[in-house]
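[1] Just the structure for this:
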Amino acid sequence: MSTYISIYTGNPTKDMNDGTVVSENGSFTSPLTVTLNATKEEVKYIKCAVRCMSGYATVGDTVLTFEGANKERWQMALDNDYDDETVKSASFTSSLVISDEIENKNKIFWVRASSVKTETPSNDQGVSLKLDATIKAVD
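    I've put the predicted structure just below:
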């Protein structure tokens, strides 16, 4: 777990402190995972959150991006009180900029993973979610 800020999955709740920390630095202890049927060009959505440890907050923009060979199949969108069905109408992009200060409460965003018919079955561990933020101590 990062010292100051982390990403969470496991159906985190807006403005709460729940969820499971997503593994960091390639440890794969708790990665974002999804199983897709490429023959159907399947798409799935994962509810995630980002939050700072107690006593810390972000300064300026927090930027989330994907890195890796198949990064174009992964996108993100800020939450707009979506649920598993309404999130399909969200505007997904390859990177996400969060301008609001992130404190010790879940800031929800969604990840969309997609497949294409030309894929062969694989356990692709080559895509990483990168978080870039400046952190400050708060009173």
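[2] Scan the protein for its longest strand.
    Determined from DSSP state E, the single longest strand within the chain is strand 56-67.
[3] The residue nearest to Asp84 when sequence neighbours are not counted bridge partners, please.
    Excluding its sequence neighbours, the residue lying closest to Asp84 (CB to CB, 6 or more residues apart in numbering) is Tyr45, at 6.7 Å. For every residue, glycine as well, the C-beta is placed using N, CA and C. Beta-bridge pairing of Tyr45 under DSSP bridges involves Arg112.
[4] Got the confidence number for Tyr45?
    Looking at Tyr45, its pLDDT stands at 98.
[5] ok so, going back, name the residues of the longest strand of the chain that are buried.
    Neighbour-count burial for strand 56-67, counted by 16 or more other CB atoms under 10 Å, picks out Tyr56, Ala57, Thr58, Thr62, Leu64, Thr65, Phe66.
[6] Stretch 125-139 too?
    Those would be Val127, Ser128, Leu129, Leu131, Ala133, Ile135, for stretch 125-139 by 16+ other CB under 10 Å.
[7] Switch the residues you listed over to CSV; also include secondary structure and pLDDT.
    Listed next are the buried residues of stretch 125-139 as CSV, based on DSSP: H, G, I helix; E, B strand; the rest coil; pLDDT from 0 to 100:
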residue, secondary structure, pLDDT
Val127, coil, 92
Ser128, strand, 93
Leu129, strand, 95
Leu131, strand, 96
Ala133, strand, 97
Ile135, strand, 97
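[8] circling back: centre of the chain versus the longest strand of the chain, how much separation?
    Computed by CA atoms, centre = their mean, to the nearest Å, the chain-centroid distance of strand 56-67 equals 11 Å.
[9] residues making contact with the helix or strand just after it?
    Sequence-wise, the next helix or strand downstream of strand 56-67 (DSSP states H and E) is strand 74-78. Defining contact as CB atoms under 8 Å, 6 or more residues apart in numbering, one finds that strand 74-78 is touched by 64, 66, 87, 90-96, 98, 108-114, 127, 129.
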